[in-house]
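Novice: Got a sequence here, can you build the structure:
(one chain, ligands or ions: 1)
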Amino acid sequence: MMPKLIDTHAHLEEIDDLKKALEEAREAGVEAVIAVGQGPQSNRELLDICPRYKDILPIYPAMGVHPGYVEGCDPEDALSFIEENIKDIVALGEIGLDYWYKPARKEGPGRQLQNLVFEKQLDMAKRYDKPVVVHSRGAWRACLEMLSRYDIKEAEFHWYSGPQDVLEELLERGYCISATPAAEYSPEHKSAIARAPLEKIFLETDSPVRYKPAEGEYFSRPKDVFRTLKAVAEIKKISEDQIAQVCNNSSMEFFGLQK
Ligand SMILES: [Zn+2]
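Specialist: Next up is the predicted model:
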């Protein structure tokens, strides 16, 4: 029997012909999607998207201000919108730090702004007891330190491709990582998946991100969570069925979804 999967991370508001993408996903065996916001506009759009397509698939919203969206947004306004909707979201995300973005490459106001917005969201996650979905590119250790400082219990390092020592520490703290279709070819991502225990890995697509496997690049859709599954199965040398079962269970628990 075909396994059922949750795509735990998709940016639905950016997907072309979303209705068709969700229908394809359902046909492929996707049973739910976590729709992850990135900033004031996408957080608002999710309120419309989630109920509109509920007859095709259950869609659960996460809201957050992504480090790439802190410039030019009004943080107070963005954060109060998230707080107003806090009861209806499954996580704070996508939040975090990205020190590869030009405004934050060096110490200075750009980096300070990212840190500030991340901290305010961690504070909110703590106050409302919500898990966090963390974008940590180029700032893996800084993210881990910030999560520790706010005593966050449940955090997912989305698409983890950082250094091994930070991975060891985040796993020790009980945090998890997620796998994307880059698990087919990215050496850093593959080694993180090889190291992390299966119950600490969630499956996702980050769609519509463009992936670049050897056979040709493509824009991802939620159905591509099956590519993630296959890639993780190859790395772990465990059957796809078993991986689907373990990863679905742990991600449902993390996001507080009903079984
Ligand atoms: Zn994302």
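Novice: Which of the helices or strands spans residue 123?
Specialist: Per DSSP states H and E, residue 123 falls inside helix 109-128.
Novice: Can you mark which positions in that helix are buried?
Specialist: Neighbour counts using 16 or more other CB atoms under 10 Å place 110-111, 113-115, 117-118, 120-122, 124-125 of helix 109-128 among the buried residues. (Glycine included, C-beta is placed from N, CA and C.)
Novice: Dump those residues to CSV, plus distance to the ion.
Specialist: Putting the buried residues of helix 109-128 into CSV (distance: CB to the ion, whole Å) gives the following:
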residue, distance to the ion
110, 20
111, 20
113, 20
114, 16
115, 19
117, 16
118, 15
120, 19
121, 15
122, 18
124, 19
125, 17
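Novice: which among those residues gets closest to residue 173?
Specialist: residue 122 (14.0 Å; CB to CB).
Novice: and the nearest residue to the closest one once chain neighbours are set aside, what are its phi and psi?
Specialist: Nearest non-adjacent residue to residue 122, counting by CB to CB, 6 or more residues apart in numbering: residue 150, 4.0 Å away. Main-chain torsions, residue 150, degrees, to the nearest 10: phi -90, psi 10.
Novice: Model confidence for residue 2, exactly?
Specialist: Note for residue 2: predicted pLDDT of 67.
Novice: With residue 71 instead?
Specialist: Looking at residue 71, its pLDDT reads 88.
Novice: who touches the helix holding residue 123?
Specialist: 64-65, 67, 70-71, 75, 79, 82-83, 86, 92, 95-99, 101-105, 130-132, 142-143, 146-147, 150-152 (CB atoms under 8 Å, 6 or more residues apart in numbering).
Novice: what do you get for stretch 225-237?
Specialist: Here stretch 225-237 makes contact (CB under 8 Å, 6+ apart) with 3, 5-7, 25, 28-30, 179-181, 183-184, 190, 193-194, 198, 201, 203-205, 239-240, 243-244, 247.
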